[in-house]
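Asks: Return atomic coordinates for the entry below.
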Amino acid sequence: MKAPSGIHATVTHRARRGLRAAYFVFLFVGSAAVAYAVYQWFEAHWYQRTTASEFETGMTIAPPVSLPVEPPIAVGDVIGEIHVPRLGLKATVIQGDSESVLRHAVGHLPDTALPGHGGNVALAAHRDGLFRPLRNVRRGDLIVLQSRNGEIEYEVEWTAVVAPGDTQVIQPTREPALTLVTCFPFYFVGSAPKRFIVRAREVPKQETQNRRAETSVLQSDN
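Replies: Numbering: from 1, shown residues only. This is a model prediction of the structure:
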């Protein structure tokens, strides 16, 4: 039995209204998501510029010194800056690994060594934020960590992908080391199932001085 044309028209009109409403809902949700992402980017960018300026000003006023007893470091305190020249990565390092810290900066895992104190210094940041350039990291890359104790250079030795619960990579080490942690895969949508690890060795100061001297000679020859 064929439905009356009036009923068919009413159903079609309601379907169109429903589709139109769904379109505007999805448009609103998508726009809100983009706006929030842009807001987070600007907020993190502003925070990085502010803290970097404060840290560099403090370093200029009070040069690095070695204290017999380090003052306590509270969550949220600025520890220093990390720089990976080849990747163009440069960011402020803050004490702590909470979401409020990682939203703005690279976080220092509280239970790991502090820069300049030997052991394993572990830093974490978001894969879609400050640590996104690590997707292109490779063995031999130079990492510079600037703290109030001075500048320390590291050389990348290896990378690995581990399970979230694998804490072996951040355990203390006999030799001074730096471990960078972020989520993996880098382009995964949602909560990433793995962790990407970068392990670097601390470069002895004599080796650093020799490399800088060689670089200076090459530059002067050119």
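Asks: And the helices in this protein?
Replies: 5-61, 99-102, 205-221 (DSSP state H).
Asks: Sort out which residues of the second one are buried, please.
Replies: Within helix 99-102, the residues that qualify as buried by neighbour count (16 or more other Cβ atoms under 10 Å) are Val101, Leu102. For the C-beta atoms, the positions are set from N, CA and C on the backbone; glycine is no exception.
Asks: what is the mean pLDDT for that helix?
Replies: For helix 99-102, the mean pLDDT works out to 93.
Asks: Tell me the confidence at the residue lying closest to Val101 once chain neighbours are set aside?
Replies: Once flanking residues are discounted, Val101 sits nearest to Gly107: 4.5 Å by Cβ to Cβ, 6 or more residues apart in numbering. pLDDT, Gly107: 97.
Asks: what about Gly107, how many neighbours?
Replies: Number of residues near Gly107 (other Cβ atoms under 10 Å) recorded here: 27.
Asks: how much space between it and Arg138?
Replies: Distance, Gly107 to Arg138, by Cβ to Cβ, to the nearest Å: 24 Å.
Asks: Same question for Pro72.
Replies: 37 Å.
Asks: out of those two, which sits in the more crowded spot?
Replies: Neighbour comparison, Pro72 and Arg138: the larger count goes to Arg138, with 10 against 6 (by other Cβ under 10 Å).
Asks: Next one: the more buried one, what pLDDT does it get?
Replies: pLDDT, Arg138: 97.
Asks: pretty sure it is in contact with Val156, am I right?
Replies: Yes: taking Cβ atoms under 8 Å as the definition, Arg138 is a contact partner of Val156 at 6.9 Å.
Asks: what's the neighbour count on Ile143?
Replies: 25.
Asks: Nearest spatial neighbour of it, chain-adjacent residues omitted?
Replies: Tyr154 (4.3 Å).
Asks: contacting residues for that neighbour?
Replies: Contact analysis of Tyr154 by Cβ atoms under 8 Å, 6 or more residues apart in numbering lists Leu142, Ile143, Val144, Leu145, Ala177, Leu178, Ala200, Arg201, Glu202, Val203.
Asks: try 6 Å this time
Replies: Tyr154 is in contact with Ile143, Leu178, Ala200, Glu202, counting by Cβ atoms under 6 Å, 6 or more residues apart in numbering.
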